[in-house]
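Q: sequence isn't available, so here's the structure alone:
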């Protein structure tokens, strides 16, 4: 069984998100894009006040700001009607902000038993099983009366200062229901769905000053059966008895030897030392993870995080009585070197592949957790919006991306300023030029991409169309006018600029730019021993057919400032200028 679909509305910066999910879901996106919010939202329907440490009740700031703004704007625009208490309850209810999370399950075989009460469709061949978490105003009529009484002597300017009183969090209440019937979801049904969360803030879990990690304590307690807990208590009794015998503690309190009271021995013999059996939580709070013969807090921060994640994931309880085990992990790459990132990524894939009762949700900034052969697991999060790659790209397009050698998908999507070029020649040249700009901060990413710019642009636009990020595309003309038209149509977007050579490829374009020919002729003759180069065409042909080492040496010398007054081709200069200023020439 898996959660095959989730809908989140009104939670923090997630105004409206709908996602199709796989057994492994990888959220990628910028900081503050909403990845952590999505992880928390997905678990809301499974939190139980009776058994968990996190309450289903949310706070005022958990409600989406846009929805709250709509609510307060409505009050401002209808202030007089509120004062007269003439607002229609139906209209008022329509603009009340709320948080809704729907999760739809895809059971496998006998697992349908766990969700059969949650059926949400009448299609017998393809039924939907859905539950809904809803956090909303419990009594809208009561709120309407409350708002009317507060606004009786207020003007529009004062509304911003009393917003929490106009939308009091005390009037909100959560519920877990079946959307089709509005029937409440029973605790006994929900308890079959386990969840664990490994948050990003885990660096100090093994500090020597900390008695124990809450997650570790909870894990130890959950793993012990009632019989084992009895054995723990019996072991403590045995430990205390041995302690008394070895240290002769009873004789420390030989009060009767110094008493003048009659019958002192008989009285004081009744006083004994008894074990003060601590709670299981207190016992486990004194248990710390170790690595080898040393406490884990003596290891480096990266190793501590790696061991912690491996231990917690390896301990997931999988048995036939569990419907689904959910695990959310924030930034598993935190503090890990590249080798340990790969180790952890391999371990995660092993867990997913070995259990049909586990579903993992991961947020990451590392490409090591993105398997290029399974990009349909990837969900892109951007400014409170999200989409899975499989929902916006055809299968052949995902396969196209998977075949792209050395493509860093995260750099491509989330670099503030990015240039796509056709090959390593242009990539080396532009990077060399940028290294010369000592008086400017450089935040431009250059990515070599042989073909398929239009498909890449379509994906990039899904994420960045409404952002301030910019991308430039530098192409060779290659005598392909149709391809030129297909690419240049993207210039209609303000944050995309496509340019091309006027010559067939880069080399003749470079040689024929400004006064470059004489300088390049002298350079290649002196450094590379090229003779009999009398025309720009001859130099271009020689350069184009040279080995890659020749271009590498040229770019190294260029980047070190050894070639003075060499001018970049205009199509490259225009893109660089656009990325810096946002203006197209």
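A: That came through fine. Quantities reported herein were computed from a predicted structural model and do not represent experimental measurements.

Q: every contact and neighbour count from this point should use C-alpha atoms.
A: Will do.

Q: buried residues in the stretch of helix or strand residue 485 belongs to?
A: Secondary-structure assignment from DSSP states H and E places residue 485 in helix 481-488. Along helix 481-488, the positions that meet the burial threshold by neighbour count (16 or more other C-alpha atoms under 10 Å) are 484, 487, 488.

Q: do you know how far the last one is from residue 499?
A: Think residue 488. Here residue 488 is placed at a distance of 8 Å from residue 499 (C-alpha to C-alpha, to the nearest Å).

Q: tell me the domain ranges of the chain?
A: Each domain of the chain is listed here as a residue range: 2-21+56-185, 214-287, 406-581, per automatic domain parsing.

Q: dump those into a markdown table; add mean pLDDT and distance to residue 41 as well.
A: Rendered in a markdown table, the data for these read as follows (pLDDT from 0 to 100; distance: least, C-alpha to C-alpha, whole Å):
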| stretch | mean pLDDT | distance to residue 41 |
| --- | --- | --- |
| domain 2-21+56-185 | 93 | 7 |
| domain 214-287 | 65 | 20 |
| domain 406-581 | 88 | 21 |
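
Q: quick check: which of those is nearest to residue 338?
A: Comparing the domains of the chain against residue 338 with C-alpha to C-alpha, the closest turns out to be domain 406-581 (14.6 Å).

Q: so which bits of stretch 148-168 are buried?
A: When burial is assessed from 16+ other C-alpha under 10 Å, stretch 148-168 yields the following buried residues: 148, 151, 159, 166, 167.

Q: that older thread, partners of the following helix or strand past the helix holding residue 485 in the sheet?
A: Read in the C-terminal direction, the helix or strand following helix 481-488 is strand 496-500, with elements assigned using DSSP H and E. Each strand paired with strand 496-500, and its direction, by DSSP bridges: strand 470-475 (parallel).

Q: the partner strand versus helix 481-488: what angle between them?
A: Taking axes from the mean of the first three to the mean of the last three C-alpha atoms, to 10 degrees, one finds strand 470-475 and helix 481-488 inclined to each other by 170 degrees.

Q: ok, residues contacting strand 470-475?
A: Contacts made with strand 470-475 from outside it, assessed by C-alpha atoms under 8 Å, 6 or more residues apart in numbering, are listed as 416-422, 453, 495-501, 571-572, 575-576, 578-579, 582.

Q: among the buried residues of stretch 148-168, which are in helices?
A: Judged by DSSP state H, helices contain the following of the buried residues of stretch 148-168: 148, 166.

Q: measure residue 531 to residue 486 for me?
A: 41 Å.

Q: next, find the distance separating the closest residue to residue 497 other than its chain neighbours from residue 185.
A: Take residue 497 and drop its neighbours on the chain: the residue closest to it by C-alpha to C-alpha, 6 or more residues apart in numbering is residue 472, 4.8 Å away. Plainly put, residue 472 is 52 Å away from residue 185 if you go by C-alpha to C-alpha.

Q: between those two, who's got more neighbours?
A: Neighbour comparison, residue 472 and residue 185: the larger count goes to residue 472, with 23 against 18 (by other C-alpha atoms under 10 Å).

Q: what pairs with that one across the strands?
A: Beta-bridge partners of residue 472, as defined by DSSP bridges: residue 419, residue 497.

Q: and the helices in the stretch 251-400 of the chain, which stretches?
A: With DSSP state H, counting those that start in this stretch as the criterion, the stretch 251-400 of the chain has helices at 264-268, 280-284, 301-314, 338-354, 389-392, 395-402.

Q: need the winner for burial among these.
A: With neighbours defined as mean count of other C-alpha atoms under 10 Å, the helices of the stretch 251-400 of the chain peak in mean count at helix 301-314, which reaches a mean of 18.

Q: quick check: mean pLDDT of that one?
A: Averaged across helix 301-314, pLDDT comes to 82.

Q: figure out which of the domains of the chain is closest to residue 362.
A: domain 2-21+56-185 (12.1 Å).

Q: now do that closest one: distance to the chain's middle.
A: Relative to its parent chain, domain 2-21+56-185 has a centroid offset of 24 Å by C-alpha atoms, centre = their mean, to the nearest Å.

Q: could you tell me the end-to-end distance of that domain?
A: For domain 2-21+56-185, the first-to-last residue distance is 18 Å (C-alpha to C-alpha).

Q: cool, and stretch 418-431?
A: Between the start and the finish of stretch 418-431 there is a gap of 12 Å, counting by C-alpha to C-alpha.

Q: before we move on, what about stretch 100-116?
A: Here stretch 100-116 reaches across 22 Å from its first residue to its last, counting by C-alpha to C-alpha.

Q: next one: stretch 376-391
A: Distance across stretch 376-391, first residue to last, is 8 Å (C-alpha to C-alpha).

Q: how far away is the residue nearest in space to the middle of the chain from residue 27?
A: Nearest to the geometric centre of the chain sits residue 363, at 2.7 Å (C-alpha atoms, centre = their mean). Computed as C-alpha to C-alpha, the residue 363 to residue 27 distance reads 5 Å.

Q: quick check: neighbours shared by the two?
A: Taking C-alpha under 8 Å, 6+ apart as the contact definition, residue 363 and residue 27 share the neighbouring residues residue 35.

Q: may I see the domains of the chain organised as JSON lines, with distance to residue 42 added?
A: As requested, these are exported to JSON lines (distance: least, C-alpha to C-alpha, whole Å):
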{"stretch": "domain 2-21+56-185", "distance to residue 42": "7"}
{"stretch": "domain 214-287", "distance to residue 42": "19"}
{"stretch": "domain 406-581", "distance to residue 42": "22"}
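
Q: count of residues packed around residue 411?
A: 17.

Q: repeat that for residue 585.
A: Other residues near residue 585 come to 10 when the count uses other C-alpha under 10 Å.

Q: now the residue nearest to it when sequence neighbours are not counted: how far from residue 474?
A: Residue nearest to residue 585 in three dimensions, not counting chain neighbours: residue 574, with 6.5 Å by C-alpha to C-alpha, 6+ apart. Distance of residue 574 to residue 474, computed by C-alpha to C-alpha: 10 Å.

Q: looking at these two, which is more packed in?
A: residue 474 (23 against 19).

Q: show me what whichever helix or strand residue 557 is part of is packed up against.
A: Secondary-structure assignment from DSSP H and E places residue 557 in helix 548-559. The contact analysis (3 or more C-alpha pairs under 8 Å, 6 or more residues apart in numbering; DSSP states H and E) places helix 548-559 against helix 424-436.

Q: buried ones in the helix it packs on?
A: Buried residues in helix 424-436, defined by neighbour count with 16+ other C-alpha under 10 Å: 424, 425, 426, 427, 428, 429, 430, 431, 432, 433, 434, 435.

Q: what about it, distance to the chain center?
A: For helix 424-436, the gap between its own C-alpha mean and the chain's C-alpha mean amounts to 32 Å (C-alpha atoms, centre = their mean).

Q: what does the very next helix or strand once past that helix contact?
A: Downstream of helix 424-436, the first helix or strand assigned by DSSP H and E is strand 444-448. Residues outside strand 444-448 that contact it (C-alpha under 8 Å, 6+ apart): 407, 411-412, 415-424, 426-427, 430-431, 579.

Q: for stretch 115-126, same thing?
A: Stretch 115-126 has contacts (C-alpha under 8 Å, 6+ apart) with 105, 107, 127, 128, 129, 130, 131, 178, 179, 180.

Q: make a PyMOL selection of the buried ones in those residues.
A: Remark: buried members of the contacts of stretch 115-126, expressed as a PyMOL selection using 16+ other C-alpha under 10 Å:
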select buried, resi 105+107+128+129+130+131+178+179
